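Peer 1: next comes the sequence, and after it the predicted model I'd like to discuss.
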Amino acid sequence: MSYQKKLSIRQNVLIFSLVLLLLVGCSSAQNMTPPGKTEYPVFEGGTSKLAFAAQKTARDQYEVFVYDFDHKNLSQLTTNGFADTSPSWSPDGQKLVYSSNVNGIYQLFTLKSDGSEQTQLVVSHTDDTQPVWEPGSTGGTQIAYQSKGNGDFDIYIYNIISKTSKAITGTDSQETQAAWSPDSQQIAFVSNQDGDFEIYVMGADGSHPLQLTKNQAYDSSPAWSPDGKQIAFISRRSPDQHFQLYVMNADGSQETQLTRSDFTISSPAWSPDGKTLAFISESSQGSQIMALDLTTKQLYKITGGFYDYAGLSWMKPLENPAS
């Protein structure tokens, strides 16, 4: 599978012809040894779990997995032989929302953290992808996602209480890859309003959109730091042919390049303590999940050995974790 095709599956921005069939079936989490040699730093701030989608081999479809750093085990949450992508944790760590094309197009589903009770949220006639659960100590009641319901990609909000959805963007351009701020007041996103893909931020209701990056490069995958002060993202800037990891202040100032690697980076995700950024790396040697210690600049390999990965979500620390 070419890099261009892999990127389209994860980002759903330029190529929409995903040729995967889906059947959702309930499955229990299964503990297994993480493939490949695994290393990781010590994380602070409570329970730490990383959710991701992965293909075990080139012939397999994407399934949802969770790596538990505290207990050092990998669990497979979906085992249906079809594509389940872009998992995102609920604020209480009890559920995940993800995208799956059980009906031939991608739709939103939730499941419990043990893989049970898979439930469809939105019934639509177009692809609904890259869901992200609203943060919040009382339990997020909204899920942001991207959909082509208006003809091109826009950011939508699904309300869990009322079970209704509405678009909060409505331009003629593509608006994708929503990312909630930690206080749920803002949403960062990607748009090609100015001709190429840049990072923007807006109010959680779609108000006051503001462009943060402005260049001739492809900027994407915004991810807020836990304290809300920074946004990590990836960018491919000439003459570099690889997407590299960057970080900037939440107002778009002080862009800093964090990696200068010979592999392509995607799907940045902050650790709960804000000291580490996980990401997917892809090279001719394969795909794996890695983490960058922002203080020491040391790179860690979290897991590898699968054919491909798609999307990362790091569970936030619980205020009152179970003993």
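Peer 2: The structure has been received and is ready for your questions.
Peer 1: how close does residue 80 get to residue 145?
Peer 2: Counting by C-beta to C-beta, to the nearest Å, the gap from residue 80 to residue 145 is 21 Å. Quick note: C-beta positions are derived from backbone N, CA and C, even for glycine.
Peer 1: now do residue 219
Peer 2: 20 Å.
Peer 1: likewise residue 59?
Peer 2: 28 Å.
Peer 1: just residue 300 next, same as before
Peer 2: Counting by C-beta to C-beta, the separation of residue 300 from residue 145 is 30 Å.
Peer 1: let me see the mean pLDDT of whichever strand or helix holds residue 200.
Peer 2: Take DSSP states H and E as the rule and residue 200 turns out to sit in strand 198-203. What strand 198-203 shows for mean pLDDT is 97.
Peer 1: helices or strands up against the helix or strand just after that strand?
Peer 2: Moving toward the C-terminus from strand 198-203, the next helix or strand (DSSP H and E) is strand 210-211. Contact here means 3 or more C-beta pairs under 8 Å, 6 or more residues apart in numbering; DSSP states H and E; on that basis strand 210-211 packs against strand 198-203.
Peer 1: buried residues in the strand it packs on?
Peer 2: Within strand 198-203, the residues that qualify as buried by neighbour count (16 or more other C-beta atoms under 10 Å) are 198, 199, 200, 201, 202.
Peer 1: tell me who's in contact with the nearest residue to the first one once chain neighbours are set aside.
Peer 2: Just to be clear, that refers to residue 198. Counting by C-beta to C-beta, 6 or more residues apart in numbering, residue 198 lies nearest to residue 213, which is 4.7 Å off, once chain neighbours are set aside. For residue 213, the contact set (C-beta atoms under 8 Å, 6 or more residues apart in numbering) comprises 198, 199, 219, 233, 235, 248, 252, 255.
Peer 1: could you do residue 216 as well?
Peer 2: 196, 238.
Peer 1: give the helix, strand or coil label for residue 223.
Peer 2: Following DSSP: H, G, I helix; E, B strand; the rest coil, we place residue 223 in the strand state.
Peer 1: ok, it to residue 129 distance?
Peer 2: Counting by C-beta to C-beta - residue 223 and residue 129 are separated by 17 Å.
Peer 1: what about these two, which has more around it?
Peer 2: residue 129 (30 against 24; other C-beta atoms under 10 Å).
Peer 1: mind checking pLDDT for the more buried one?
Peer 2: pLDDT, read off for residue 129, is 95.
Peer 1: within the sheet, what are the partner strands of the helix or strand that contains it, with directions?
Peer 2: Remark: residue 129 resides in strand 128-133, with elements defined by DSSP H and E. Its sheet considered, strand 128-133 pairs with strand 142-147 (antiparallel) by DSSP bridges.
Peer 1: sorry, back to before: which of residue 59 and residue 145 has more neighbours?
Peer 2: More neighbours surround residue 145 than the other of residue 59 and residue 145, with 28 against 7 (other C-beta under 10 Å).
Peer 1: and the furthest pair within the contacts of residue 213?
Peer 2: Pairwise distances across the contacts of residue 213 (C-beta to C-beta) peak at 13.0 Å, for the pair 235 and 252.
Peer 1: what about these two, which has more around it?
Peer 2: Neighbour count, other C-beta under 10 Å: between residue 235 and residue 252, residue 235 has more, with 22 against 17.
Peer 1: may I have the beta-bridge partners of the more buried one?
Peer 2: residue 219, residue 244.
Peer 1: which residues touch residue 68?
Peer 2: Residue 68 neighbours (C-beta under 8 Å, 6+ apart): 48, 49, 74, 75.
Peer 1: having no further points to raise, I will conclude here.
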